[in-house]
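Q: Take this sequence and fold it.
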Amino acid sequence: MGFNDRVYEIVRQIPEGKVASYGQIAYMTGSWRASRAVGYALHNSPHHAKLPCHRVVFKDGRLTTGFAFGGKDVQRDMLEAEGVVFTADGRVDMIKCCWSTQEAPGAGD
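A: Below is the predicted model of the structure:
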């Protein structure tokens, strides 16, 4: 399985109401320094309709300005509809909403 396919597999596992960072996804692929490559993989995904890429944010909770479905306002609306909490400065509350890899199916096996 190639890098992009591993990224897509991991992103599909992020539950509703949670987010993951680009770096977190890179780490989970085994390529801990490839956070930009995660962004490229998501931007070029042929699976946009089936992939919850709106759940991937920067490590500090900022949303991406280049979100494929219409910008960060659309991304924020999608996340809020799932129950993701934002701080007063407009960032995702990573303490409350960051997906723990312990929640991932098969984690700890």
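Q: contacts and neighbour counts: CA atoms only from here.
A: Fine.
Q: which SS class is Gly61?
A: Classification of Gly61 using DSSP: H, G, I helix; E, B strand; the rest coil returns coil.
Q: For Gln102, give me the pLDDT.
A: We have a pLDDT of 62 for Gln102.
Q: which residues in the chain form strands?
A: Taking DSSP state E as the test, the strands found in the chain are 20-21, 56-57.
Q: Mind checking those strands for the one nearest to Cys97?
A: Across the strands of the chain, Cys97 has its closest neighbour in strand 20-21 (8.5 Å, C-alpha to C-alpha).
Q: quick one: strands adjacent to the closest one?
A: Sheet pairing of strand 20-21 (DSSP bridges) gives strand 56-57 (parallel).
Q: contacting residues for Glu16?
A: Glu82, Gly83 (C-alpha atoms under 8 Å, 6 or more residues apart in numbering).
Q: Bridged to the most centrally placed residue in the chain, which residues?
A: Taking C-alpha atoms, centre = their mean, the centroid of the chain lies closest to Val56, which sits 1.7 Å from it. Judged by DSSP bridges, the bridge partners of Val56 are Ala20.
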